[in-house]
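> Fold the following and give me the result.
(one chain, ligands or ions: 1)
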Amino acid sequence: MLDRAEPSLPDPHERSHGPRPILGALLRGAALKCPACGIGSMFRRYLKVANDCAHCGEPLHHHRADDAPAYFTIAIVGHIVVGLVLAVEMAYHPPLWLHAALWLPLTVILALLLLPSVKGTIVALQWALFMHGFSPDAEEEAGLAGGDEPRPRRLDFRP
Ligand SMILES: [Zn+2]
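Okay, here's the model as predicted:
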């Protein structure tokens with residue numbers, strides 16, 4: 001009774017060897033969902049990516065989004081707000097205080113609204129392209145699977 005094998009869950013690393021559709025993954029990431037299944041949530045807090053998908057178990061902690069979501073969000077929000085500022089200025093010539101009252105809150109609100117979707121899209125792109133630890137072979141190469149060999153240190157210039 002005790003040595004009976006438990007039913008095994010699907011291994012997310014097994015599935016990750018197959019092709020990953022990029023467009024579908026990007027849309028799922030933009031919707032803040034897991035790029036693999038599209039059901040589980042990618043984030044466990046506002047911008048904190050969950051370690052694993054709660055629905056399918058796909059590991060999501062391998063992402064290296066770093067500052068890219070902020071850069072892309074600045075570019076998107078900048079194009080929207082600057083276009084609106086120029087259009088309103090050309091059409092109505094409002095006073096500067098009205099410009100500030102309109103565009104400063106709009107800039108902050110747009111940035112806060114877009115940032116999670118942009119980050120979700122970047123994480124999904126990294127997942128779809130097998131970047132960083134999302135490659136099924138990455139953990140084996142880094143020695144994480146066996147755990148016997150220490151990981152090489154960065155900036156180690158010793159011979
Ligand atoms: Zn999932």
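
> Report the spatially closest residue to the residue nearest the centre of the chain, excluding sequence-adjacent ones.
Taking C-alpha atoms, centre = their mean, the centroid of the chain lies closest to residue 123, which sits 2.7 Å from it. Closest residue to residue 123 apart from its sequence neighbours, by C-beta to C-beta, 6 or more residues apart in numbering: residue 63 at 4.3 Å. In this view, the C-beta of every residue, glycine as well, is placed from N, C-alpha and C.

> The one you found against residue 49, yeah?
Yes: with contact defined as C-beta atoms under 8 Å, residue 63 counts as touching residue 49 (5.7 Å).

> joint contacts of these two?
Common contacts of residue 63 and residue 49 (C-beta atoms under 8 Å, 6 or more residues apart in numbering): residue 123.

> neighbour count winner among those two?
Between residue 63 and residue 49, counted using other C-beta atoms under 10 Å, residue 63 has the larger neighbour count: 23 against 17.

> name the element that one belongs to?
According to DSSP states H and E, residue 63 maps onto no helix or strand at all.

> Now do the contacts for it.
Here residue 63 is in contact with 49, 122, 123, 126, 127, 132, 134 (C-beta under 8 Å, 6+ apart).

> tell me the least confident of these?
Least confident entry in the contacts of residue 63, by pLDDT: residue 132, with 81.

> distance of that residue from the ion?
18 Å (C-beta to the ion, to the nearest Å).
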